[in-house]
Every structure is written in structure tokens, then in C-alpha cells.
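Novice: sequence isn't available, so here's the structure alone:
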């Protein structure tokens, strides 16, 4: 076998393994976690997760883990991302706020479904990494910010959808008020070891409906407001 043929064969083999890993991720992790929306499932086929991790982590890109991405932060597991997207029922006209840009993968998923994503990251280095990843994927409907958005992000408000990529000890009341009527907010609320993924719907100017979707535990969002601790 010539060197060129061997190179082609190696890439073909790697491609086959990548496709198999992606298929297994969708069928064995995401679908079995009650993510049945065909639009969401297809999204994981079309937005290449492996392009949003370090080269040394490509083999773990499809694993059922929260993958470390540096600076003490992690990438959400695929099944959590799937449940988030399914719960939010994102429309092509939606303006989205993502709190916690991370590697940029969730921003890419959201941007594929929505009109525009405003992604806010408190760690500048991660925002830069996400910028590179999104540019390589030719995703241009994401605006990146470096800021603390633990209480929401007023500069681009109001939003149709808000997603918190880290857990919160308290319900994000200030961010809820940045939703348009009919807007949805996803947040994992609570403290270890008890947390619930919740969906908030703004039903009118003055009314919100809160629904618990599933139990899970996520790392806390940096600078998230904490519940008061009383000492006796």
C-alpha cells in the first residue's frame, strides 16, 4: 500500500468509527433519555460535536460524560443537551440567551434552530475558544460576550429563550423578567445532591409557569447567587 493510499484508508477508518460513535450517542444515550423529537435528534447528526473539543479529547466527544474543557469548566453531556433543546421547542424566529458559552457546542446547536443566539461567558479564554469553533463551522448567528450573566444579560434583552448552562441555587427571577411573553427559560435549580431541571414559561407580563422536567446535577454557574445560610 502506498503512503497516500494508507493515509486515505486511515481517514476512512476514522470516519467510520466517528459515524458509529455518533450513531451510538444518539440511539443509546440521547434517545433513551426520552429525547424523541426528530428535529433534535437530527441536530446531533448535523452539528459535529467532535469539532468542539480539544483534539486530544475527540475519542471522548460522544461519551456520556461532562467533558472537562479547561478553567474548571465542563461540557454538558449529550443527553442533557438533548433534553434542553426538546423542552425549549425553539423556533426559527427565536432570539436566545445562552449563559455559559463553554466550548461553543450548545451555542451551535441553539443557533442551528433559532434566529440568533447571544452567548455570554465569564471566562475570556473559553469565549475565544468558542469563537474559533463557531467560525470553523461557519455559524454566524451567534454573538459572543465576555461578562457575568448569572442574573441574566440586559444589553440584548428581551429574549424568547434563555438557557443557563450551569446550575443555580435559586430561581433566576431577574432573568425571567427578560423573557418576552411566551418566552421559555431552562435552568437546573438546587444544590448538591438535589437539583431539578426546570422550564419557566412567561404566560403574561405578570405571570410565569414553572415546570420540573427531570432530576439531574450540574456544576454550579460561576458567581451564581447563593441561598442565605442561617447560623444558630
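Specialist: Sure thing, it's come through. Predicted, not measured: the structure shown is a model, and the values here were computed from it. Numbers count the residues shown, from 1 in each chain.
Novice: the helices in the protein, which residues?
Specialist: If DSSP state H is used as the criterion, the helices of the chain fall at 3-24, 38-46, 78-88, 105-113, 124-136, 173-176.
Novice: pipe those helices into JSON lines and attach distance to residue 165, mean pLDDT and mean neighbour count per row.
Specialist: C-betas here are computed from N, CA, C, even on glycine. Rendered in JSON lines, the data for these read as follows (distance: least, C-beta to C-beta, whole Å; pLDDT from 0 to 100; neighbours: other C-beta atoms under 10 Å):
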{"stretch": "helix 3-24", "distance to residue 165": "22", "mean pLDDT": "56", "mean neighbour count": "11"}
{"stretch": "helix 38-46", "distance to residue 165": "17", "mean pLDDT": "97", "mean neighbour count": "15"}
{"stretch": "helix 78-88", "distance to residue 165": "9", "mean pLDDT": "97", "mean neighbour count": "23"}
{"stretch": "helix 105-113", "distance to residue 165": "6", "mean pLDDT": "98", "mean neighbour count": "24"}
{"stretch": "helix 124-136", "distance to residue 165": "11", "mean pLDDT": "98", "mean neighbour count": "17"}
{"stretch": "helix 173-176", "distance to residue 165": "13", "mean pLDDT": "98", "mean neighbour count": "16"}
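Novice: using a markdown table, please lay out the ones you listed together with distance to residue 57.
Specialist: Compiled in a markdown table, the helices of the chain are given as follows (distance: least, C-beta to C-beta, whole Å):
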| stretch | distance to residue 57 |
| --- | --- |
| helix 3-24 | 13 |
| helix 38-46 | 17 |
| helix 78-88 | 14 |
| helix 105-113 | 12 |
| helix 124-136 | 12 |
| helix 173-176 | 31 |
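Novice: so which of the ones you listed is nearest residue 214?
Specialist: Distances from residue 214 to each of those were compared using C-beta to C-beta; the minimum, 6.5 Å, belongs to helix 78-88.
Novice: give me the contact list for that closest one.
Specialist: Helix 78-88 is contacted by residues 25-26, 29-30, 33-37, 40-41, 43-44, 49, 62, 64, 76, 105-106, 109-110, 113, 161, 163, 184, 186, 197, 199, 213-214, 216, 218 when judged by C-beta atoms under 8 Å, 6 or more residues apart in numbering.
Novice: rerun that using 6 Å as the cut-off
Specialist: With contact meaning C-beta atoms under 6 Å, 6 or more residues apart in numbering, helix 78-88 is reached by 25, 29-30, 33, 35, 37, 40, 106, 161, 184, 186, 199, 213.
Novice: quick one, it and helix 38-46 angle?
Specialist: Helix 78-88 and helix 38-46 are oriented at 140 degrees to each other (axes from the mean of the first three to the mean of the last three C-alpha atoms, to 10 degrees).
Novice: what about the closest residue to residue 170 other than its chain neighbours, how many neighbours?
Specialist: The spatially closest residue to residue 170, leaving aside those adjacent along the chain, is residue 225, at 5.4 Å (C-beta to C-beta, 6 or more residues apart in numbering). Residues within reach of residue 225, counting by other C-beta atoms under 10 Å, total 15.
Novice: re the thing from before, mind listing which of the contacts of helix 78-88 are in strands?
Specialist: For the contacts of helix 78-88, the ones inside strands are 161, 184, 186, 199, 213, with DSSP state E as the criterion.
Novice: which of those residues sits closest to residue 178?
Specialist: Using C-beta to C-beta, residue 161 comes nearest to residue 178 of these, at 10.8 Å.
Novice: please tell me how far that closest one sits from residue 95.
Specialist: Distance of residue 161 to residue 95, computed by C-beta to C-beta, to the nearest Å: 7 Å.
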